[in-house]
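In: Sequence and computational prediction follow.
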Amino acid sequence: MDEVAFNIFNNSNDNNDCDNNNDSISNNEPSIYVFGYGSLVWNPGFEYSKCITGYIRGYVRRFWQGNVTHRGTLDQPGRVVTLVEDKEGICWGCAYKVTGDLALRYLEQRECNLGGYMTAYTKFYPRVATEFSGLSGEAFPVLLYIATPSNDYWMGEDSLEKIAEQISTSSGPSGHNVEYLLRLAIFMREEIPGVHDEHLFGLEKLVREELIKRKVCIISVMGNQPQRINRDLHESQRRPINFEFTTKVQEKRLRCLNI
């Protein structure tokens, strides 16, 4: 565990007591919140006791990091997101509460060793503060993973058209690069309605157009449906009915009446 994570890990319980009785992991162990803004928002891959939607300030999300281990190859790298400093910027995502160091060791391998990211920390602002979330609405520290131009996989800024073309033609062991982009866009629309991510949604539009031009079916690049994540601890009270839940709606039968 690196020094940044260690410091937050040991101070988080004293400065930010957000525990409630619903936590499935022992509260005797130190805990930490990890901020997800890319694939972590829909595919965390580790155990956690809470998932809270919200945002961080001073950063924007950009598809400027190359990837050769998950969504691309050495011959044809894909593009994934990183955070770029911006004084007026806001980046929406979700914070996962993890206990013990197992999740952090997993993330160190996934994000740092394989992905080329480094660790940092900042303040996280919860989107919802209610009796169900167990949060006061105040900001609290989160650990995040960020790529910089100094890493070997950095690709940097380019036109949206060129980035979209690269995403449309790249895939790796974890699946197609298009899936990464579209599932991130789906997260924003479903979980953070009303917030417009110009960079993300602009790329989504261009990638969809690119797939049509190449006569590629979107379903063929989306992989398996990820497991539904319960967020903010009261999601069932605010979640709208959509196609995923139509099977739960009781069947209605019509009767013909003589009138």
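Out: Ah, there it is.

In: Name the spans of the stretch 101-250 of the chain whose pLDDT lies under the cut-off.
Out: 129-137, 233-250 (pLDDT under 70).

In: In it, mark out all the strands, start to finish.
Out: Along the stretch 101-250 of the chain, counting by DSSP state E, counting those that start in this stretch, strands occupy 118-126, 140-146, 171-172, 175-176.

In: and the last one, how far from the chain's centre?
Out: Using Cα atoms, centre = their mean, to the nearest Å, the mean C-alpha position of strand 175-176 is found 16 Å from that of the whole chain.

In: Quick one: list the elements packing against the lengthiest helix in the chain.
Out: Among the segments of the chain that qualify as a helix by DSSP state H, the longest is helix 198-214. If contacts are counted by 3 or more Cβ pairs under 8 Å, 6 or more residues apart in numbering; DSSP states H and E, helix 198-214 sits against strand 50-67, helix 160-168, helix 177-191. (Glycine included, C-beta is placed from N, CA and C.)

In: Could you dump the ones you listed into TSV and include distance to residue 112 and mean neighbour count?
Out: Listed next are the helices and strands packed on helix 198-214 as TSV, based on distance: least, Cβ to Cβ, whole Å; neighbours: other Cβ atoms under 10 Å:
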stretch	distance to residue 112	mean neighbour count
strand 50-67	12	22
helix 160-168	23	19
helix 177-191	18	21
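
In: out of those, nearest to residue 89?
Out: Proximity to residue 89 (Cβ to Cβ) singles out strand 50-67 among the helices and strands packed on helix 198-214, at 3.9 Å.

In: C-alpha coordinates for that closest one, CSV please?
Out: Output of strand 50-67 as CSV, limited to C-alpha atoms (Å, rounded to 0.1, in the frame of the first residue of the first chain):
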residue,chain,number,x,y,z
LYS,A,50,-21.1,1.2,0.3
CYS,A,51,-21.3,2.9,-3.2
ILE,A,52,-22.2,6.6,-3.2
THR,A,53,-22.7,8.8,-6.3
GLY,A,54,-21.2,12.3,-6.3
TYR,A,55,-18.4,14.4,-7.7
ILE,A,56,-14.9,15.8,-7.2
ARG,A,57,-13.7,19.3,-8.0
GLY,A,58,-10.7,20.5,-9.9
TYR,A,59,-10.6,17.7,-12.5
VAL,A,60,-12.3,16.8,-15.8
ARG,A,61,-12.5,13.3,-17.3
ARG,A,62,-10.7,12.7,-20.6
PHE,A,63,-10.0,9.7,-22.9
TRP,A,64,-6.3,10.6,-22.9
GLN,A,65,-4.8,7.4,-21.4
GLY,A,66,-3.8,4.5,-23.6
ASN,A,67,-4.5,0.9,-22.7
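
In: partners of the very next helix or strand once past that strand in the sheet?
Out: Next helix or strand after strand 50-67 toward the C-terminus (DSSP states H and E): strand 78-99. Here strand 78-99 is paired, per DSSP bridges, with strand 31-36 (antiparallel), strand 50-67 (antiparallel).

In: which residues sit against stretch 167-180?
Out: Under the contact criterion Cβ atoms under 8 Å, 6 or more residues apart in numbering, stretch 167-180 has outside partners 38-39, 63, 67-73, 76-80, 166, 181, 203, 207, 210-211, 214, 216, 218, 221-223.

In: hang on, the earlier thing: ranking the strands of the stretch 101-250 of the chain by burial, who's on top?
Out: When the strands of the stretch 101-250 of the chain are scored by mean count of other Cβ atoms under 10 Å, the highest mean neighbour count falls to strand 140-146 (a mean of 23).
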